[in-house]
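**Student:** got a predicted structure plus its sequence, pasted below:
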Amino acid sequence: MRRLRRIKILATLGPVSSDSTMIRKLFEAGADVFRINMSHTSHDKMRELVRTIRNVESSYGRPIGILVDLQGPKLRVGSFANGPVQLNNGATFVLDSVKEPGDAERVCLPHPEILSALKVGDALLLDDGKVRLICEEASPSRAVTRVVIGGKMSDRKGVSLPDTDLPMSAMTNKDRADLEAACETGIDWVALSFVQRAEDVAEAKRMIRGRAAVMAKIEKPQAIDRLQEILDVSDALMVARGDLGVEMPLERVPSLQKQMTRMARRAGKPVVVATQMLESMISSPVPTRAEVSDVATAVYEGADAIMLSAESAAGKYPVEAVSTMNRIGEEVERDTLYRGVLTAQRPEPEATAGDAIAGAARQIAETLDLSAIICWTSSGSTALRVARERPKVPVVAITPNLNTGRKLSAVWGVHCVVAEDARDQDDMVDRAGRIAFRDGFAKSGQRVIIVAGVPLGTPGATNMVRIAYVGPTDADV
(Lines give C-alpha, C1' and ligand atoms only; values in the text may rest on other atoms or scores of the structure.)
Protein backbone atom coordinates (compact mmCIF):
# COMPACT_ATOMS: atom_id res chain seq x y z
CA MET A 1 0.00 0.00 0.00
CA ARG A 2 2.74 2.45 -0.88
CA ARG A 3 1.29 5.82 -1.87
CA LEU A 4 2.55 7.55 -5.00
CA ARG A 5 2.13 11.01 -3.49
CA ARG A 6 3.60 12.82 -0.48
CA ILE A 7 0.57 14.81 0.69
CA LYS A 8 -1.76 12.83 2.96
CA ILE A 9 -5.55 12.52 2.75
CA LEU A 10 -7.97 12.70 5.69
CA ALA A 11 -11.43 11.23 5.07
CA THR A 12 -14.36 11.88 7.40
CA LEU A 13 -16.53 8.88 8.27
CA GLY A 14 -20.29 9.19 8.44
CA PRO A 15 -23.59 7.59 7.44
CA VAL A 16 -22.34 6.40 4.03
CA SER A 17 -18.89 5.33 5.18
CA SER A 18 -19.13 3.53 8.51
CA ASP A 19 -18.92 -0.17 7.61
CA SER A 20 -15.80 -2.22 7.10
CA THR A 21 -16.28 -2.63 3.35
CA MET A 22 -16.51 1.10 2.71
CA ILE A 23 -13.60 1.95 5.03
CA ARG A 24 -11.48 -0.57 3.12
CA LYS A 25 -12.47 1.02 -0.17
CA LEU A 26 -11.61 4.50 1.14
CA PHE A 27 -8.22 3.31 2.39
CA GLU A 28 -7.44 1.61 -0.92
CA ALA A 29 -8.54 4.76 -2.78
CA GLY A 30 -6.02 6.82 -0.82
CA ALA A 31 -7.26 7.75 2.67
CA ASP A 32 -4.38 7.84 5.19
CA VAL A 33 -6.26 9.11 8.25
CA PHE A 34 -9.93 8.70 9.18
CA ARG A 35 -11.79 11.53 10.93
CA ILE A 36 -14.62 10.90 13.38
CA ASN A 37 -16.76 14.00 13.90
CA MET A 38 -18.10 13.98 17.47
CA SER A 39 -20.78 16.53 16.52
CA HIS A 40 -22.67 13.59 14.99
CA THR A 41 -21.21 10.52 16.70
CA SER A 42 -22.10 8.82 20.00
CA HIS A 43 -19.45 7.21 22.18
CA ASP A 44 -20.65 3.73 21.25
CA LYS A 45 -20.53 4.53 17.53
CA MET A 46 -17.08 6.09 17.92
CA ARG A 47 -15.80 2.91 19.59
CA GLU A 48 -17.33 0.79 16.84
CA LEU A 49 -15.65 2.90 14.15
CA VAL A 50 -12.28 2.68 15.90
CA ARG A 51 -12.57 -1.11 16.13
CA THR A 52 -13.44 -1.33 12.44
CA ILE A 53 -10.51 0.89 11.41
CA ARG A 54 -8.10 -1.14 13.54
CA ASN A 55 -9.32 -4.36 11.92
CA VAL A 56 -8.75 -2.84 8.48
CA GLU A 57 -5.32 -1.64 9.62
CA SER A 58 -4.26 -5.11 10.79
CA SER A 59 -5.32 -6.72 7.52
CA TYR A 60 -3.18 -4.33 5.45
CA GLY A 61 -0.22 -4.14 7.84
CA ARG A 62 0.02 -0.35 7.46
CA PRO A 63 -0.54 2.16 10.28
CA ILE A 64 -3.78 4.13 9.84
CA GLY A 65 -4.38 7.32 11.80
CA ILE A 66 -7.63 8.14 13.59
CA LEU A 67 -8.59 11.76 14.26
CA VAL A 68 -11.45 12.56 16.65
CA ASP A 69 -12.84 16.04 16.02
CA LEU A 70 -14.47 17.65 19.06
CA GLN A 71 -17.62 19.71 18.49
CA GLY A 72 -16.60 22.74 20.55
CA PRO A 73 -19.02 25.34 21.92
CA LYS A 74 -22.10 25.80 19.71
CA LEU A 75 -23.57 29.24 20.31
CA ARG A 76 -27.20 29.61 19.21
CA VAL A 77 -30.14 31.98 19.62
CA GLY A 78 -33.37 30.77 21.24
CA SER A 79 -36.70 30.06 19.57
CA PHE A 80 -39.36 32.31 18.03
CA ALA A 81 -43.00 32.32 19.13
CA ASN A 82 -44.61 32.26 15.70
CA GLY A 83 -42.01 30.70 13.45
CA PRO A 84 -39.35 32.44 11.33
CA VAL A 85 -39.12 36.24 11.35
CA GLN A 86 -37.72 38.72 8.83
CA LEU A 87 -35.00 41.07 10.04
CA ASN A 88 -34.84 44.18 7.85
CA ASN A 89 -31.78 46.33 7.19
CA GLY A 90 -31.52 49.22 9.63
CA ALA A 91 -33.97 47.73 12.15
CA THR A 92 -33.22 47.39 15.86
CA PHE A 93 -33.00 43.83 17.19
CA VAL A 94 -32.43 42.90 20.83
CA LEU A 95 -30.66 39.81 22.14
CA ASP A 96 -31.42 39.28 25.82
CA SER A 97 -31.45 36.77 28.67
CA VAL A 98 -35.25 36.58 28.91
CA LYS A 99 -36.28 32.97 28.33
CA GLU A 100 -39.40 33.82 26.37
CA PRO A 101 -39.90 32.95 22.69
CA GLY A 102 -38.76 35.76 20.42
CA ASP A 103 -40.31 37.88 17.69
CA ALA A 104 -39.13 40.32 15.02
CA GLU A 105 -37.82 42.71 17.71
CA ARG A 106 -36.02 40.41 20.16
CA VAL A 107 -34.89 36.86 20.92
CA CYS A 108 -33.26 35.09 23.83
CA LEU A 109 -29.52 34.54 23.66
CA PRO A 110 -28.99 31.77 26.24
CA HIS A 111 -25.28 32.45 26.64
CA PRO A 112 -24.57 34.93 29.45
CA GLU A 113 -20.86 34.81 28.59
CA ILE A 114 -21.64 36.44 25.23
CA LEU A 115 -23.77 39.22 26.71
CA SER A 116 -21.09 39.94 29.31
CA ALA A 117 -18.29 40.07 26.72
CA LEU A 118 -20.00 42.09 23.96
CA LYS A 119 -18.83 45.64 23.37
CA VAL A 120 -20.36 48.47 21.41
CA GLY A 121 -19.33 48.10 17.78
CA ASP A 122 -18.88 44.31 17.92
CA ALA A 123 -20.39 42.35 15.05
CA LEU A 124 -22.71 39.36 15.50
CA LEU A 125 -23.13 36.94 12.61
CA LEU A 126 -26.23 34.74 12.62
CA ASP A 127 -26.95 31.62 10.57
CA ASP A 128 -23.43 31.18 9.11
CA GLY A 129 -23.08 34.89 8.42
CA LYS A 130 -26.30 35.29 6.42
CA VAL A 131 -27.50 37.93 8.91
CA ARG A 132 -25.13 40.56 10.33
CA LEU A 133 -25.80 42.69 13.40
CA ILE A 134 -23.76 45.45 15.04
CA CYS A 135 -23.94 45.94 18.81
CA GLU A 136 -25.04 49.50 19.77
CA GLU A 137 -25.75 48.99 23.48
CA ALA A 138 -24.30 46.28 25.71
CA SER A 139 -25.03 45.08 29.23
CA PRO A 140 -24.76 41.71 31.02
CA SER A 141 -28.47 41.08 30.43
CA ARG A 142 -29.15 42.43 26.92
CA ALA A 143 -27.56 43.72 23.75
CA VAL A 144 -29.26 46.19 21.47
CA THR A 145 -28.13 45.71 17.88
CA ARG A 146 -28.70 47.25 14.48
CA VAL A 147 -29.38 44.99 11.51
CA VAL A 148 -26.70 45.63 8.87
CA ILE A 149 -27.51 42.68 6.62
CA GLY A 150 -31.04 41.42 7.09
CA GLY A 151 -32.69 38.12 6.31
CA LYS A 152 -34.94 35.41 7.64
CA MET A 153 -34.20 34.17 11.16
CA SER A 154 -35.57 31.02 12.74
CA ASP A 155 -35.13 28.86 15.84
CA ARG A 156 -31.70 27.85 17.15
CA LYS A 157 -29.59 29.47 14.46
CA GLY A 158 -25.87 29.74 15.19
CA VAL A 159 -24.13 32.88 16.44
CA SER A 160 -20.55 33.85 15.54
CA LEU A 161 -18.66 36.74 17.15
CA PRO A 162 -15.61 37.72 15.08
CA ASP A 163 -14.79 40.81 17.17
CA THR A 164 -15.42 39.41 20.65
CA ASP A 165 -12.89 37.58 22.79
CA LEU A 166 -15.08 35.17 24.73
CA PRO A 167 -13.95 34.29 28.26
CA MET A 168 -14.78 30.63 27.81
CA SER A 169 -12.98 27.37 27.16
CA ALA A 170 -12.80 25.82 23.71
CA MET A 171 -14.19 22.66 25.34
CA THR A 172 -17.72 22.12 26.65
CA ASN A 173 -18.73 19.42 29.12
CA LYS A 174 -19.70 17.30 26.11
CA ASP A 175 -16.24 17.81 24.62
CA ARG A 176 -14.55 16.74 27.84
CA ALA A 177 -16.64 13.56 27.99
CA ASP A 178 -15.97 12.88 24.28
CA LEU A 179 -12.26 13.50 24.74
CA GLU A 180 -11.94 11.08 27.64
CA ALA A 181 -13.92 8.40 25.81
CA ALA A 182 -11.78 8.85 22.69
CA CYS A 183 -8.49 8.64 24.61
CA GLU A 184 -9.66 5.51 26.44
CA THR A 185 -10.55 3.95 23.08
CA GLY A 186 -7.05 4.61 21.73
CA ILE A 187 -7.23 7.21 18.99
CA ASP A 188 -4.23 9.11 17.63
CA TRP A 189 -5.21 12.73 17.02
CA VAL A 190 -7.69 15.08 18.70
CA ALA A 191 -8.90 18.11 16.75
CA LEU A 192 -9.81 20.97 19.07
CA SER A 193 -12.53 23.27 17.69
CA PHE A 194 -12.87 27.04 18.08
CA VAL A 195 -9.44 27.56 19.65
CA GLN A 196 -8.96 31.19 20.71
CA ARG A 197 -5.73 31.05 22.70
CA ALA A 198 -2.83 28.78 23.66
CA GLU A 199 -4.48 28.05 27.00
CA ASP A 200 -7.27 26.21 25.17
CA VAL A 201 -4.76 23.74 23.75
CA ALA A 202 -2.98 23.43 27.09
CA GLU A 203 -6.27 22.53 28.79
CA ALA A 204 -6.88 19.73 26.29
CA LYS A 205 -3.33 18.44 26.71
CA ARG A 206 -3.75 18.25 30.48
CA MET A 207 -6.76 16.00 29.98
CA ILE A 208 -5.11 13.88 27.29
CA ARG A 209 -1.95 13.21 29.32
CA GLY A 210 0.06 12.11 26.31
CA ARG A 211 -2.50 9.58 25.04
CA ALA A 212 -3.03 11.44 21.73
CA ALA A 213 -1.66 14.41 19.80
CA VAL A 214 -3.59 17.70 19.61
CA MET A 215 -4.48 19.41 16.34
CA ALA A 216 -5.66 23.01 16.85
CA LYS A 217 -8.40 24.04 14.42
CA ILE A 218 -7.88 27.63 13.36
CA GLU A 219 -11.32 29.06 12.62
CA LYS A 220 -11.62 32.22 14.71
CA PRO A 221 -10.05 35.67 14.24
CA GLN A 222 -8.88 35.60 17.86
CA ALA A 223 -6.74 32.56 17.01
CA ILE A 224 -5.17 34.35 14.04
CA ASP A 225 -3.98 37.10 16.35
CA ARG A 226 -2.26 34.49 18.57
CA LEU A 227 -1.24 32.01 15.92
CA GLN A 228 2.40 31.61 16.92
CA GLU A 229 1.68 30.92 20.58
CA ILE A 230 -1.05 28.42 19.63
CA LEU A 231 1.32 26.69 17.22
CA ASP A 232 4.01 26.52 19.90
CA VAL A 233 1.83 24.37 22.19
CA SER A 234 -0.02 22.36 19.51
CA ASP A 235 1.14 19.20 17.75
CA ALA A 236 -0.50 20.23 14.46
CA LEU A 237 -2.78 22.84 12.87
CA MET A 238 -5.95 22.54 10.84
CA VAL A 239 -6.91 25.40 8.53
CA ALA A 240 -10.67 25.17 9.14
CA ARG A 241 -11.74 27.39 6.27
CA GLY A 242 -15.49 26.99 6.79
CA ASP A 243 -15.97 28.88 10.04
CA LEU A 244 -12.91 31.03 9.34
CA GLY A 245 -14.64 32.24 6.18
CA VAL A 246 -17.77 33.09 8.17
CA GLU A 247 -16.02 35.12 10.84
CA MET A 248 -13.50 36.84 8.57
CA PRO A 249 -13.76 38.39 5.09
CA LEU A 250 -13.68 35.56 2.56
CA GLU A 251 -10.93 37.24 0.58
CA ARG A 252 -8.55 36.89 3.54
CA VAL A 253 -8.87 33.11 3.80
CA PRO A 254 -6.46 32.16 0.96
CA SER A 255 -3.63 34.29 2.33
CA LEU A 256 -4.24 32.98 5.85
CA GLN A 257 -4.12 29.43 4.52
CA LYS A 258 -0.70 30.11 3.00
CA GLN A 259 0.49 31.84 6.17
CA MET A 260 -0.53 28.93 8.39
CA THR A 261 0.91 26.33 6.03
CA ARG A 262 4.29 28.03 6.03
CA MET A 263 4.31 28.69 9.78
CA ALA A 264 3.56 25.05 10.55
CA ARG A 265 6.24 23.87 8.14
CA ARG A 266 8.82 26.15 9.77
CA ALA A 267 7.86 24.65 13.11
CA GLY A 268 8.08 21.10 11.75
CA LYS A 269 4.46 20.38 12.67
CA PRO A 270 1.77 18.93 10.40
CA VAL A 271 -0.82 21.26 8.85
CA VAL A 272 -4.14 20.11 7.37
CA VAL A 273 -6.18 22.16 4.89
CA ALA A 274 -9.89 21.45 5.35
CA THR A 275 -13.47 22.32 4.38
CA GLN A 276 -15.28 22.40 1.04
CA MET A 277 -12.33 21.06 -0.91
CA LEU A 278 -14.48 18.90 -3.22
CA GLU A 279 -17.88 20.07 -2.00
CA SER A 280 -19.71 19.48 -5.28
CA MET A 281 -18.83 15.76 -5.07
CA ILE A 282 -21.41 15.38 -2.31
CA SER A 283 -23.89 15.07 -5.16
CA SER A 284 -21.75 14.90 -8.31
CA PRO A 285 -19.32 12.16 -9.45
CA VAL A 286 -16.87 14.82 -10.68
CA PRO A 287 -15.67 18.03 -8.99
CA THR A 288 -15.69 21.53 -10.41
CA ARG A 289 -12.53 22.84 -12.06
CA ALA A 290 -12.27 25.46 -9.32
CA GLU A 291 -12.29 22.74 -6.65
CA VAL A 292 -9.52 20.84 -8.43
CA SER A 293 -7.48 24.04 -8.52
CA ASP A 294 -8.17 24.62 -4.81
CA VAL A 295 -6.93 21.16 -3.85
CA ALA A 296 -3.90 21.59 -6.11
CA THR A 297 -3.04 24.89 -4.41
CA ALA A 298 -2.84 23.17 -1.02
CA VAL A 299 -0.55 20.51 -2.54
CA TYR A 300 1.72 23.12 -4.16
CA GLU A 301 1.95 24.95 -0.85
CA GLY A 302 3.40 21.87 0.81
CA ALA A 303 0.55 21.21 3.24
CA ASP A 304 0.91 17.90 5.07
CA ALA A 305 -2.66 16.81 4.43
CA ILE A 306 -5.94 17.72 2.77
CA MET A 307 -9.30 16.74 4.21
CA LEU A 308 -12.70 15.60 2.99
CA SER A 309 -15.72 16.30 5.19
CA ALA A 310 -19.28 15.69 3.95
CA GLU A 311 -17.87 14.44 0.64
CA SER A 312 -16.81 11.15 2.27
CA ALA A 313 -19.16 11.17 5.27
CA ALA A 314 -22.56 11.77 3.67
CA GLY A 315 -22.06 12.23 -0.07
CA LYS A 316 -23.12 10.00 -2.93
CA TYR A 317 -19.56 9.42 -4.15
CA PRO A 318 -17.23 8.94 -1.15
CA VAL A 319 -14.75 6.61 -2.86
CA GLU A 320 -14.67 8.77 -5.99
CA ALA A 321 -13.96 11.85 -3.84
CA VAL A 322 -10.94 10.17 -2.22
CA SER A 323 -9.74 8.84 -5.59
CA THR A 324 -10.06 12.30 -7.14
CA MET A 325 -8.07 13.89 -4.33
CA ASN A 326 -5.46 11.15 -4.68
CA ARG A 327 -5.08 11.76 -8.43
CA ILE A 328 -4.80 15.52 -7.96
CA GLY A 329 -2.01 15.01 -5.42
CA GLU A 330 -0.13 12.64 -7.70
CA GLU A 331 -0.44 14.93 -10.72
CA VAL A 332 0.69 18.08 -8.91
CA GLU A 333 3.69 16.31 -7.42
CA ARG A 334 4.78 15.21 -10.90
CA ASP A 335 4.81 18.83 -12.06
CA THR A 336 8.33 20.27 -12.41
CA LEU A 337 7.07 23.51 -10.85
CA TYR A 338 6.07 21.68 -7.65
CA ARG A 339 9.62 20.96 -6.55
CA GLY A 340 10.65 24.55 -7.22
CA VAL A 341 7.82 25.91 -5.05
CA LEU A 342 8.72 23.61 -2.14
CA THR A 343 12.40 24.44 -2.41
CA ALA A 344 11.75 28.18 -2.46
CA GLN A 345 9.77 27.88 0.77
CA ARG A 346 12.24 25.66 2.61
CA PRO A 347 12.91 27.06 6.09
CA GLU A 348 16.38 27.42 7.51
CA PRO A 349 17.32 24.62 9.94
CA GLU A 350 16.83 25.36 13.61
CA ALA A 351 20.00 25.52 15.69
CA THR A 352 19.68 21.94 16.92
CA ALA A 353 21.61 18.79 16.09
CA GLY A 354 18.44 17.05 14.93
CA ASP A 355 17.47 19.77 12.46
CA ALA A 356 21.02 20.15 11.18
CA ILE A 357 21.27 16.40 10.55
CA ALA A 358 17.86 16.27 8.88
CA GLY A 359 18.87 19.12 6.58
CA ALA A 360 22.19 17.45 5.83
CA ALA A 361 20.49 14.12 5.10
CA ARG A 362 18.18 15.78 2.60
CA GLN A 363 21.08 17.54 0.88
CA ILE A 364 23.22 14.39 0.76
CA ALA A 365 20.34 12.30 -0.59
CA GLU A 366 19.61 14.80 -3.36
CA THR A 367 23.27 15.45 -4.23
CA LEU A 368 24.13 11.75 -4.47
CA ASP A 369 20.76 10.81 -6.00
CA LEU A 370 20.07 8.29 -3.24
CA SER A 371 16.88 6.23 -3.36
CA ALA A 372 15.37 7.09 0.02
CA ILE A 373 15.90 8.61 3.44
CA ILE A 374 15.30 5.95 6.11
CA CYS A 375 14.50 7.28 9.59
CA TRP A 376 14.66 5.09 12.65
CA THR A 377 12.39 6.88 15.08
CA SER A 378 10.85 6.07 18.45
CA SER A 379 8.80 9.20 19.14
CA GLY A 380 8.45 10.32 15.52
CA SER A 381 10.56 13.44 15.96
CA THR A 382 13.27 12.27 13.52
CA ALA A 383 10.70 11.68 10.77
CA LEU A 384 9.07 15.05 11.48
CA ARG A 385 12.41 16.81 11.13
CA VAL A 386 13.14 15.12 7.82
CA ALA A 387 9.61 15.76 6.50
CA ARG A 388 10.04 19.44 7.36
CA GLU A 389 12.76 19.52 4.68
CA ARG A 390 10.28 18.29 2.03
CA PRO A 391 13.03 16.18 0.39
CA LYS A 392 12.90 15.10 -3.23
CA VAL A 393 13.54 11.46 -2.33
CA PRO A 394 11.02 9.29 -0.43
CA VAL A 395 11.01 9.25 3.38
CA VAL A 396 10.59 5.92 5.17
CA ALA A 397 10.08 5.94 8.95
CA ILE A 398 10.78 2.73 10.86
CA THR A 399 9.44 2.72 14.40
CA PRO A 400 8.91 0.10 17.11
CA ASN A 401 5.88 2.05 18.36
CA LEU A 402 2.59 1.47 16.56
CA ASN A 403 1.17 4.68 18.07
CA THR A 404 4.03 6.66 16.54
CA GLY A 405 3.34 5.09 13.15
CA ARG A 406 -0.32 6.03 13.35
CA LYS A 407 0.45 9.66 14.21
CA LEU A 408 2.96 9.89 11.36
CA SER A 409 0.22 8.89 8.90
CA ALA A 410 -0.78 12.59 8.88
CA VAL A 411 2.75 13.82 8.07
CA TRP A 412 3.88 14.84 4.58
CA GLY A 413 5.77 12.21 2.64
CA VAL A 414 6.31 9.72 5.47
CA HIS A 415 5.83 6.04 4.64
CA CYS A 416 5.75 4.40 8.06
CA VAL A 417 6.75 0.84 8.89
CA VAL A 418 6.25 -0.63 12.36
CA ALA A 419 9.05 -3.05 13.20
CA GLU A 420 11.00 -4.33 16.18
CA ASP A 421 13.64 -1.87 17.30
CA ALA A 422 17.16 -2.42 15.99
CA ARG A 423 19.50 -4.42 18.21
CA ASP A 424 22.57 -2.43 17.21
CA GLN A 425 23.84 -0.19 14.42
CA ASP A 426 24.62 -3.07 12.07
CA ASP A 427 21.12 -4.45 12.50
CA MET A 428 19.71 -0.96 11.97
CA VAL A 429 21.54 -0.55 8.65
CA ASP A 430 20.78 -4.08 7.47
CA ARG A 431 17.04 -3.91 8.17
CA ALA A 432 16.69 -0.38 6.80
CA GLY A 433 18.00 -1.65 3.47
CA ARG A 434 15.79 -4.72 3.53
CA ILE A 435 12.66 -2.68 4.26
CA ALA A 436 13.50 -0.15 1.56
CA PHE A 437 13.91 -3.04 -0.92
CA ARG A 438 10.77 -4.88 0.22
CA ASP A 439 8.53 -1.80 0.00
CA GLY A 440 9.84 -0.75 -3.41
CA PHE A 441 11.83 2.32 -2.40
CA ALA A 442 15.19 0.97 -3.56
CA LYS A 443 16.52 -1.73 -5.85
CA SER A 444 19.48 -3.99 -5.23
CA GLY A 445 22.69 -2.03 -5.70
CA GLN A 446 21.13 1.36 -5.01
CA ARG A 447 21.96 3.44 -1.96
CA VAL A 448 19.87 4.90 0.85
CA ILE A 449 20.71 7.28 3.68
CA ILE A 450 19.83 6.30 7.23
CA VAL A 451 19.07 8.83 9.97
CA ALA A 452 18.74 7.80 13.60
CA GLY A 453 19.45 8.65 17.19
CA VAL A 454 22.14 6.88 19.15
CA PRO A 455 21.71 5.34 21.69
CA LEU A 456 18.87 3.61 19.82
CA GLY A 457 15.39 4.18 21.21
CA THR A 458 16.21 7.54 22.76
CA PRO A 459 13.37 9.92 21.81
CA GLY A 460 14.46 13.15 20.14
CA ALA A 461 18.16 12.26 19.93
CA THR A 462 18.69 12.46 16.15
CA ASN A 463 22.46 12.47 15.86
CA MET A 464 23.59 9.94 13.23
CA VAL A 465 23.69 9.66 9.41
CA ARG A 466 24.91 6.65 7.41
CA ILE A 467 24.84 5.75 3.73
CA ALA A 468 24.20 2.12 2.84
CA TYR A 469 23.95 -0.05 -0.27
CA VAL A 470 20.78 -2.08 -0.71
CA GLY A 471 21.55 -5.64 -1.68
CA PRO A 472 21.61 -9.25 -0.56
CA THR A 473 23.82 -8.32 2.39
CA ASP A 474 22.94 -4.62 2.54
CA ALA A 475 26.64 -3.85 2.85
CA ASP A 476 27.33 -0.57 4.58
CA VAL A 477 29.51 2.04 2.80
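**Tutor:** Perfect, thanks for sending it.
**Student:** what about the residue nearest to P347 when sequence neighbours are not counted, how many neighbours?
**Tutor:** Nearest residue to P347, sequence neighbours excluded (C-beta to C-beta, 6 or more residues apart in numbering): R266, at 4.3 Å. Placement of C-beta: from N, CA and C, glycine included. By the criterion of other C-beta atoms under 10 Å, R266 has 15 neighbours.
**Student:** quickly find the element holding R266.
**Tutor:** Using DSSP states H and E, R266 sits in helix 253-267.
**Student:** please apply the same query to F194.
**Tutor:** Using DSSP H and E, no helix or strand contains F194.
**Student:** now A143
**Tutor:** With DSSP H and E as the criterion, A143 is inside strand 142-149.
**Student:** which parts of the stretch 301-450 of the chain are helices?
**Tutor:** Remark: helices assigned in the stretch 301-450 of the chain by DSSP state H, counting those that start in this stretch are 310-313, 318-334, 336-344, 353-367, 381-388, 402-408, 425-438.
**Student:** right, and the ones you listed - which one's nearest V16?
**Tutor:** For these, proximity to V16 was assessed by C-beta to C-beta; helix 318-334 is nearest, at 5.6 Å.
**Student:** show me the contacts for F80.
**Tutor:** Contacts here follow C-beta atoms under 8 Å, 6 or more residues apart in numbering; on that basis F80 touches 101-103, 107, 153-155.
**Student:** what pLDDT does the nearest residue to it once chain neighbours are set aside get?
**Tutor:** Leaving out its chain neighbours, the residue that sits closest to F80 by C-beta to C-beta, 6+ apart is G102, at 4.7 Å. What the model reports for G102 is a pLDDT of 97.
**Student:** likewise for A223?
**Tutor:** A223 is given a pLDDT of 96.
**Student:** wait, L368 touches I467, no?
**Tutor:** Yes. If you go by C-beta atoms under 8 Å, L368 and I467 touch, sitting 7.5 Å apart.
**Student:** those two: which has the busier surroundings?
**Tutor:** Higher neighbour count among L368 and I467: I467, with 16 against 12, using other C-beta under 10 Å.
**Student:** and whichever strand or helix holds that one, what does it pack onto?
**Tutor:** Using DSSP H and E, I467 sits in strand 462-469. When contacts are defined as 3 or more C-beta pairs under 8 Å, 6 or more residues apart in numbering; DSSP states H and E, strand 462-469 packs onto helix 353-367, helix 381-388, helix 425-438, strand 447-453.
**Student:** same question for it, mean pLDDT?
**Tutor:** Averaging pLDDT along strand 462-469 gives 90.
**Student:** S378 is in contact with T404, correct?
**Tutor:** Yes. With contact defined as C-beta under 8 Å, T404 counts as touching S378 (6.8 Å).
**Student:** any idea how far apart the tips of stretch 385-403 sit?
**Tutor:** The stretch stretch 385-403 measures 18 Å between its terminal residues, going by C-alpha to C-alpha, to the nearest Å.
**Student:** show the average pLDDT along it.
**Tutor:** Taken as a whole, stretch 385-403 has a mean pLDDT of 97.
**Student:** what's the answer for stretch 186-204, then?
**Tutor:** For stretch 186-204, the mean pLDDT works out to 97.
**Student:** still on that earlier bit, could you dump the helices of the stretch 301-450 of the chain to CSV with distance to T462 and mean neighbour count?
**Tutor:** Shown next, in CSV, are the helices of the stretch 301-450 of the chain (distance: least, C-beta to C-beta, whole Å; neighbours: other C-beta atoms under 10 Å):
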stretch, distance to T462, mean neighbour count
helix 310-313, 35, 26
helix 318-334, 26, 21
helix 336-344, 21, 12
helix 353-367, 4, 19
helix 381-388, 5, 27
helix 402-408, 14, 23
helix 425-438, 13, 20
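**Student:** would you turn the ones you listed into JSON lines with distance to M238?
**Tutor:** JSON lines is the format used below for the helices of the stretch 301-450 of the chain (distance: least, C-beta to C-beta, whole Å):
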{"stretch": "helix 310-313", "distance to M238": "16"}
{"stretch": "helix 318-334", "distance to M238": "16"}
{"stretch": "helix 336-344", "distance to M238": "21"}
{"stretch": "helix 353-367", "distance to M238": "24"}
{"stretch": "helix 381-388", "distance to M238": "17"}
{"stretch": "helix 402-408", "distance to M238": "15"}
{"stretch": "helix 425-438", "distance to M238": "31"}
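**Student:** nearest to R24, of the ones you listed?
**Tutor:** helix 318-334 (10.1 Å).
**Student:** give the rounded mean pLDDT of that closest one.
**Tutor:** For helix 318-334, mean pLDDT rounds to 98.
**Student:** same thing with stretch 274-285?
**Tutor:** Mean pLDDT, computed over stretch 274-285, is 97.
**Student:** what residues of that stretch count as buried?
**Tutor:** 274-282, 284 (16 or more other C-beta atoms under 10 Å).
**Student:** one more: stretch 111-122?
**Tutor:** Buried residues in stretch 111-122, counting neighbours by 16+ other C-beta under 10 Å, are found at 111, 114-115, 117-118, 122.
**Student:** adding secondary structure and distance to R2, write the residues you listed out as a markdown table.
**Tutor:** Listed next are the buried residues of stretch 111-122 as a markdown table, based on DSSP: H, G, I helix; E, B strand; the rest coil; distance: C-beta to C-beta, whole Å:
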| residue | secondary structure | distance to R2 |
| --- | --- | --- |
| H111 | coil | 49 |
| I114 | helix | 50 |
| L115 | helix | 55 |
| A117 | helix | 51 |
| L118 | coil | 54 |
| D122 | coil | 52 |
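**Student:** between those, which is nearest T297?
**Tutor:** Set against T297, the nearest of the buried residues of stretch 111-122 by C-beta to C-beta is D122 (32.7 Å).
**Student:** circling back: with the buried residues of stretch 111-122 in mind, which one is nearest to S234?
**Tutor:** Checking the buried residues of stretch 111-122 against S234 by C-beta to C-beta gives A117 as the nearest, at 24.3 Å.
**Student:** how far away is the closest one from A356?
**Tutor:** 46 Å (C-beta to C-beta, to the nearest Å).
**Student:** ok, now N82?
**Tutor:** 69 Å.
**Student:** check contacts around the nearest residue to L402 once chain neighbours are set aside.
**Tutor:** Once flanking residues are discounted, L402 sits nearest to V418: 5.1 Å by C-beta to C-beta, 6+ apart. Applying C-beta under 8 Å, 6+ apart to V418 gives the contacts 63, 399-402, 405.
**Student:** distance of V418 from L337?
**Tutor:** 35 Å.
**Student:** now do L408
**Tutor:** Shown here: L408 relative to L337, a distance of 27 Å by C-beta to C-beta.
**Student:** all good on my end, thank you.
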